[in-house]
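A.B. asks: Okay, sequence plus prediction incoming.
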Amino acid sequence: MSNETEDLVEIVGVSDRSIKDKIKDFSGLLNQIESVNDKRKQLWKEIYENAICDRQNAYIMFTKLVMIAQDKSTEHAVHGRTIASYIEKMSKANDQLIKLAELVAKAEAASEVIDPDDMFEKIRNN
């Protein structure tokens, strides 16, 4: 395996387990919200997964380039814009996560509103 291929495997390997755990936790949170339909929950899960994968991979590449450019003005000149683009990718992923958190918080608040008819229906079914 070439070094480039090993680096790609490393990126997936580093993020794979922690991302799966985070997605599982997020899915558990979504499953507790009754007021959101399954299609929306699936979309939110995909948005979450994409955002944390993008952030994790950008961070890994950012870290690698910072190590290359550290205390080397020539390397910094070559890689500076790319380093900045990775910071921008991480920031955009964070913004997506913040917006998603706001949507989930609104859904949780809507789910907590007590509807008397719904409450009576639940009591009858139990």
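C.D. replies: Right, received. Where do you want to start?

A.B. asks: Next, the buried residues of the helix or strand hosting K39.
C.D. replies: Element membership for K39 (DSSP states H and E) is helix 38-69. If you call a residue buried by 16 or more other Cβ atoms under 10 Å, then helix 38-69 has these buried ones: 41, 44, 47-49, 51-62, 64-65, 69. The way it works is simple: take the backbone N, C-alpha and C, and place the C-beta from them, glycine included.

A.B. asks: Run the chain-centre distance for it.
C.D. replies: Relative to the chain's own centre, helix 38-69 is displaced by 6 Å; criterion: Cα atoms, centre = their mean, to the nearest Å.

A.B. asks: And that helix, what does it pack against?
C.D. replies: Packing contacts for helix 38-69, counted by 3 or more Cβ pairs under 8 Å, 6 or more residues apart in numbering; DSSP states H and E, involve helix 3-31, helix 73-112.

A.B. asks: now the angle from it to helix 73-112?
C.D. replies: 160 degrees (axes from the mean of the first three to the mean of the last three Cα atoms, to 10 degrees).

A.B. asks: can you start the count at 35 instead of 1 from here on
C.D. replies: That works, and once the first residue is 35, the last one we named lands at helix 72-103.

A.B. asks: Tell me, what's the model's pLDDT at the spatially most central residue of the chain?
C.D. replies: The residue lying closest to the centre of the chain (Cα atoms, centre = their mean) is I86, at 2.6 Å. According to the prediction, I86 has pLDDT 92.

A.B. asks: thinking again about what came up before, out of the helices and strands packed on helix 72-103, which gets the lowest mean score?
C.D. replies: Mean pLDDT across those is lowest at helix 37-65; the value there is a mean of 66.
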